[in-house]
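Participant: Dropping the sequence and predicted coords here.
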Amino acid sequence: MSTLAPSDLFAGKTAVITGASAGIGEGFARYAAGLGMKLVLADIAADRLESVAAELRSNGVEVEAVVTDVSDPQSVEAMASQAVDRFGQVDMVINNAGIMAMGFSWEVPAERWDSVLRVNIGGYVNVMRAFIPRMLQQKTQGWFLQVSSIGGMFPSPLMAPYSVTKFGTLALTESLYYELQMQEAPIQVSVVLPDSVKSDIFSSAKEGATLPAAQAFNDALQQRADEMGITAEEHARRVFEQVAEGRYWVTPQPEAIDQGVVPRAEMIRARMNPQLSFEV
């Protein structure tokens, strides 16, 4: 594992961050800027994206803001081309853009299921397909981060679309890790497993047609994030430190995983029926 501090390892490198206009993505952008990185910020929310980019530029950061629909392969390809045109090469990609849908799995509208799958899985695939070939061609050290969630290890009721995609991210990322090992590529792959981070992800899910059955659960999760979550920039600091150490499993809040992963593994090993462990 590397002994270099993030500021020594990443300064002057170029990072692409999707979902960069708010929440965890904005935290990544701000922290990476503080490390002296050059940034390509991608998001579908044009006004918020430009606001973040403008603030960073005012502090002397080199930023390219690209309005991008990650669910559209052509939009992602255009963003990748713009990134390379601006900075010459890309050293780090943080696949982060995601959306949420809540409600009983059979009641979430088909179009909402489709949106979550297209963004949270299709978007990650589109970004991989656009950037991995470019990074392989560079033959330089690189980093490819995919943001899953502790929800990728512990499925939840009323969040099936999110759980499905975050489980899928684990499989997708581990497959990519093995494939790049087969290629003997100098690209470090990491999967990020955040717990509660102060953001509006649950409020945004509510605006995206959260169904009545999930309202109380949604509110409770948002309250937990507000009261117990770490800030997005603190989350980014922990992530960059672990990535700099060469870690595949990046766990900004390891206690959340440590408390649950052994009982879950034992449940699977013993073929025990799942038990609902909290009140909805």
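Facilitator: In hand now; what should we look at?
Participant: shaky segments in the stretch 1-150 of the chain?
Facilitator: The stretch 1-150 of the chain contains residues with pLDDT under 70 at 1-2.
Participant: all helices of this protein, in order?
Facilitator: Remark: helices assigned in the chain by DSSP state H are 6-10, 23-34, 46-58, 73-87, 110-117, 123-138, 160-182, 201-207, 215-228, 232-244, 254-269.
Participant: Relative to residue 150, which of these is closest?
Facilitator: For residue 150, the closest of the helices of the chain is helix 254-269, at 5.1 Å, according to Cβ to Cβ. Yep, even glycine has a C-beta here, placed from its N, CA and C like the rest.
Participant: relative to helix 232-244, how tilted is that closest one?
Facilitator: Here the directions of helix 254-269 and helix 232-244 differ by 70 degrees (axes from the mean of the first three to the mean of the last three Cα atoms, to 10 degrees).
Participant: For helix 254-269, output the C-alpha coordinates as CSV.
Facilitator: Written as CSV, here are the backbone C-alpha positions of helix 254-269 (Å, rounded to 0.1, in the frame of the first residue of the first chain):
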residue,chain,number,x,y,z
PRO,A,254,-16.5,1.2,9.0
GLU,A,255,-18.5,0.8,12.2
ALA,A,256,-21.7,0.7,10.2
ILE,A,257,-20.4,-2.3,8.2
ASP,A,258,-18.6,-4.0,11.0
GLN,A,259,-21.8,-4.2,13.1
GLY,A,260,-23.7,-5.9,10.4
VAL,A,261,-21.5,-7.9,8.0
VAL,A,262,-20.7,-10.8,10.4
PRO,A,263,-24.3,-11.4,11.5
ARG,A,264,-25.4,-11.2,7.8
ALA,A,265,-22.7,-13.6,6.7
GLU,A,266,-23.8,-16.0,9.5
MET,A,267,-27.4,-15.7,8.4
ILE,A,268,-26.4,-16.7,4.9
ARG,A,269,-24.1,-19.5,6.1
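Participant: For that helix, what does the pLDDT average out to?
Facilitator: In this model, helix 254-269 has an average pLDDT of 93.
Participant: tell me what that helix is packed against?
Facilitator: Applying 3 or more Cβ pairs under 8 Å, 6 or more residues apart in numbering; DSSP states H and E, we find helix 254-269 packed against no helix or strand.
Participant: Distance from it to the middle of the chain?
Facilitator: In terms of Cα atoms, centre = their mean, to the nearest Å, the centre of helix 254-269 is found 22 Å from the chain centre.
Participant: Check stretch 15-25 too.
Facilitator: Using Cα atoms, centre = their mean, the offset of stretch 15-25 from its chain centre is 8 Å.
Participant: circling back: now the helices of the chain as TSV including mean neighbour count and distance to residue 152?
Facilitator: Formatted as TSV, these follow (neighbours: other Cβ atoms under 10 Å; distance: least, Cβ to Cβ, whole Å):
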stretch	mean neighbour count	distance to residue 152
helix 6-10	17	24
helix 23-34	24	14
helix 46-58	16	26
helix 73-87	18	22
helix 110-117	15	14
helix 123-138	20	12
helix 160-182	18	4
helix 201-207	18	15
helix 215-228	15	16
helix 232-244	21	15
helix 254-269	12	10
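Participant: Much appreciated, bye for now.
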